[in-house]
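Visitor: give me coordinates for this.
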Amino acid sequence: MSDNVHIFGIRHHGPGSARSLLAALVELAPDCLLIEGPPDADDVLPFALEAEMTPPVALLVFVPDTPRRSVYYPFAEFSPEWQAIRYGLTSHVPVRFMDLPQAFQLAEAPAPITADIETPDTEGTELSSPPAPEDQPHRQDPIGFLAEAAGYTDSERWWDHMVEHRRDPAGVFEAVLEAMSALRSSGLEFRTTSDELLDESLRERQREAWMRQTIRQAQKEGFTRIAVVCGAWHAPALAQMPKASVDAAVLKGLTKVKVQATWIPWTYRRLSYNSGYGAGIESPGWYAHLWDTDKSVSETWLTKVARLLRAEDLDASPASIIEGVRLAETLTALRDRAIPGLAEMNEAAQAVFCFGSDVPLKLISQKLIVGEVLGSVPSSAPMPPLQRNLNAEQKRLRFPAEDAEKIFDFDLRKPNDLDRSHLLHRLALLGIPWGKQERTSGGKGTFHEVWRVRWQPEFAVAVIEAGIWGNTILDAVTAFANERSNKSDALPELTNLLDKVLLSGLPESAAHIMTRVQAVAAVASDVAHLMGALPPLVNVLRYGNVRKTDSSTIAHVVEGLVARICIGLPVACSSLDDDAAEEMYKHIIATNSAISLLQNENYSQEWRETLEVLANKNSLHGLIGGRATRLLLDAGVLTGDDAARRMGLAFSTASEPPSAAAWVDGFLRGSGLLLLHDESLWAVIDHWVSQMPAETFESLLPLLRRTFATFNAPERRQMGERVRSDKPALHHSTAETGFDEDTAILALARVELLLGVTQ
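Guide: A predicted model of the protein is given here:
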């Protein structure tokens with residue numbers, strides 16, 4: 001290593017590494033600072049000094065034509081690279097990234113690279129990945145090998161105790177360089193999470209070659225105190241410089257693609273292992289605490305724990321804090337640690353605050369150990385026009401993007417709530433699921449919407465992708481919806497799109513799509529498609545008055561659909577196999593619900609007449625016939641005796657047992673209350689089961705069990721109790737009617753098996 005080059009091997013997102021690095025930089029006072037990172041982002045580095053820039057943030061490098069080909073470089077306040085960037089910019093020292101540019105790496109990317117996939121920045125994986133398998137830990141993680149040699153079973157804990165908890169930075173980088181040099185020269189095989197050998201991967205050799213070329217360039221420019229900040233694994237490769245021609249040969253033949261770089265907000269959750277990000281850390285909230293706290297680490301941490309628990313109405317007194325601190329420090333002394341680590345903090349919190357339970361620890365983990373923190377990026381930073389418009393909309397609606405999950409109950413009669421609803425629906429249409437609409441109950445009315453909202457950092461890529469449709473959310477979603485409708489000839493897809501467009505408050509697109517719906521509906525002949533198109537249109541009519549949309553044209557289309565469905569349904573239900581009958585069953589249920597919502601007597605009458613035709617057809621599939629009879633019974637067209645008579649006909653000897661079982665399935669599926677409260681129906685089914693031969697019953701048992709499985713647990717329990725209570729009465733009646741008692745008992749046993757009742 002040249003005297004004018006100083007190598008600092010660090011761990012990504014390590015507070016101890018950051019503290020030691022900052023102290024070393026202050027002592028060295030470098031005149032050039034080279035940091036492992038994408039040179040493609042050098043132009044946006046100065047924004048790190050903006051007042052609005054609040055970590056965690058990430059550099060996003062992407063291919064403009066295909067934004068999904070992208071990569072993130074996250075930084076927290078305690079990340080060594082972030083502290084190095086800030087130091088260099090504030091000290092007016094030239095700061096450069098020195099990793100292999102993403103213009104080369106993304107040119108060869110076979111698939112999109114996102115935050116949930118390991119990025120080319122593998123050092124975080126090397127130094128902070130979860131423990132490797134016990135059989136060969138050192139073959140997966142070089143730090144795991146060192147931890148094992150030191151008597152640790154967890155490489156995370158070993159690195160924390162040796163580096164991150166260290167208060168004296170003297171000699172730490174020399175020790176890291178020596179350790180990594182020994183590992184790289186040992187001949188052992190260490191792998192990344194992508195299962196590539198660290199010392200043999202072509203990509204790794206290209207990256208290190210580019211870093212060395214960057215160092216040579218800085219030396220050529222006359223810098224005399226060059227500070228190099230890199231992942232610890234790469235430190236030995238940069239300390240020993242081969243000939244420039246060797247590195248040039250490694251880099252020969254690389255292809256290139258145009259890329260752009262910008263800053264985006266990041267979250268602590270995305271820095272954690274649970275996010276799936278390859279260079280993540282286990283406890284960003286804890287690391288932030290270590291960075292912010294010079295002294296009294298235990299006291300301040302357990303005070304945070306106590307505040308959190310009290311906010312959740314859990315007991316946490318000052319006396320408990322004192323007891324927890326004593327326990328944590330005692331464990332630290334017994335384990336010969338410098339300061340209490342996260343393991344000691346968790347054990348103390350579980351024993352003192354949680355009374356041995358691990359349930360409150362989950363809350364502590366989510367809120368404190370990981371943390372719900374979302375960074376911010378200055379408005380002056382380069383961003384796509386669509387992202388800038390989205391930021392403006394969020395500010396106008398007082399609807400900030402936050403990492404914490406929140407529930408919003410919008411009253412659509414209020415302008416601001418209606419605009420918020422429009423924004424969430426529009427983003428969902430563009431493939432940016434910022435919010436998820438929840439089903440509501442309790443009679444709040446159609447003017448209420450409940451949303452579960454949480455911002456994800458990767459939505460930034462989705463916003464960039466959506467930018468091809470327009471520079472504002474309104475323009476983009478309008479163009480997207482119009483284009484999607486132009487390319488679709490499926491009536492259900494068009495009506496579903498119309499429903500979403502009207503919920504999004506897009507009258508221009510709604511008019512365009514209605515024209516398409518009318519054109520497609522005029523020539524549509526598939527009854528199933530017509531039935532699939534009806535429920536979304538009914539939803540539009542239902543919400544029309546609340547959202548101030550003109551529903552007259554939609555009502556005209558609905559009228560035509562109802563008429564054509566009622567005319568064509570009996571023919572469409574002929575000669576159905578089991579799979580087709582199941583699909584038609586779902587359409588009938590949805591259509592019945594839609595017509596009921598319309599509350600139009602003319603439509604209801606037409607629909608009931610169609611159901612009567614279906615119920616009276618002898619050749620119809622049993623599933624359809626049974627459901628048509630049930631819907632007529634629920635509508636009051638049939639009485640209980642009428643239904644029992646029709647059930648008796650379905651169970652007659654002229655009907656095959658599978659057809660009768662399908663009829664029962666269609667009639668009863670989803671509700672057992674009718675069977676419990678109607679004596680005539682119970683008697684008909686009881687008689688049918690009692691007279692059924694054993695081998696026939698066994699063949700039908702799977703279908704019947706599926707039917708009864710749709711009943712809720714209390715209904716099944718009541719049926720079982722009724723079967724038991726009917727036993728004595730049936731036994732008494734055999735003497736008077738001459739029934740075969742043995743056969744009846746066998747039948748009852750099968751009914752109990754059907755209902756899942758045990759003696």
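Visitor: surely L100 meets Q206?
Guide: Yes: L100 lies in contact with Q206 (CB atoms under 8 Å); the separation is 5.5 Å. C-beta coordinates here come from the backbone N, C-alpha and C atoms, glycine included.
Visitor: more neighbours: the two, which one.
Guide: Neighbours per residue, other CB atoms under 10 Å: of L100 and Q206, the larger number sits with L100, 23 against 18.
Visitor: what is the subsequent helix or strand relative to the least confident helix or strand in the chain by mean pLDDT?
Guide: Within the chain, no helix or strand scores below helix 123-128, which has a mean of 32 by mean pLDDT, DSSP states H and E. Next in sequence after helix 123-128, counting helices and strands by DSSP states H and E, comes helix 142-149.
Visitor: starting at the chain centroid, how far to that next one?
Guide: 34 Å (CA atoms, centre = their mean, to the nearest Å).
Visitor: repeat for stretch 83-103
Guide: Distance, centroid of stretch 83-103 to centroid of chain: 34 Å (CA atoms, centre = their mean).
Visitor: and the end-to-end length of it?
Guide: One end of stretch 83-103 to the other measures 25 Å (CA to CA, to the nearest Å).
Visitor: do the same with stretch 221-229
Guide: 19 Å.
Visitor: and the average pLDDT for the helix or strand where L60 lies is what?
Guide: L60 is part of strand 57-63, with elements assigned from DSSP H and E. For strand 57-63, the mean pLDDT works out to 91.
Visitor: what's in contact with it?
Guide: 37-38, 40-41, 44, 69-75, 102, 106, 257-266, 375-377, 457, 460-461, 464 (CB atoms under 8 Å, 6 or more residues apart in numbering).
Visitor: which among the residues you listed end up buried?
Guide: 37-38, 40-41, 44, 69-75, 102, 106, 257, 259-266, 375-377, 457, 460-461, 464 (16 or more other CB atoms under 10 Å).
Visitor: just these: which are in helices?
Guide: If you go by DSSP state H, the buried ones among the contacts of strand 57-63 have 102, 460-461, 464 in helices.
Visitor: do a quick rundown of the helices in the stretch 201-350 of the chain.
Guide: For the stretch 201-350 of the chain, the helices defined by DSSP state H, counting those that start in this stretch cover 202-220, 235-239, 244-251, 284-292, 297-311, 318-334, 342-352.
Visitor: next, the angle helix 244-251 makes with the first one.
Guide: Right, helix 202-220. Relative orientation of helix 202-220 versus helix 244-251 (axes from the mean of the first three to the mean of the last three CA atoms, to 10 degrees): 140 degrees.
Visitor: buried stuff in helix 202-220?
Guide: So helix 202-220, judged by 16+ other CB under 10 Å, has buried residues 203-204, 206-215, 218-219.
Visitor: same thing with the third one?
Guide: Neighbour-count burial for helix 244-251, counted by 16+ other CB under 10 Å, picks out 247, 250.
Visitor: and the pLDDT at D294?
Guide: pLDDT for D294: 78.
Visitor: if you could redo that for E148, that was the one I meant.
Guide: Note on E148: pLDDT of 82.
Visitor: domain ranges for the protein, per the record?
Guide: 5-275, 293-371, 385-469, 490-638, 641-759 (automatic domain parsing).
Visitor: quick check: longest strand of this protein.
Guide: strand 66-75 (DSSP state E).
Visitor: now do it, average pLDDT.
Guide: 87.
Visitor: and it, what does it pack against?
Guide: Judged by 3 or more CB pairs under 8 Å, 6 or more residues apart in numbering; DSSP states H and E, strand 66-75 is in contact with strand 57-63, helix 80-90, helix 459-466.
Visitor: chain center to that strand: distance?
Guide: 18 Å.
Visitor: same thing with stretch 344-360?
Guide: Worked out by CA atoms, centre = their mean, stretch 344-360 lies 29 Å from the chain centre.
Visitor: for V689, which residues are in contact?
Guide: Per CB under 8 Å, 6+ apart, neighbours of V689: 697, 747, 750-751, 754.
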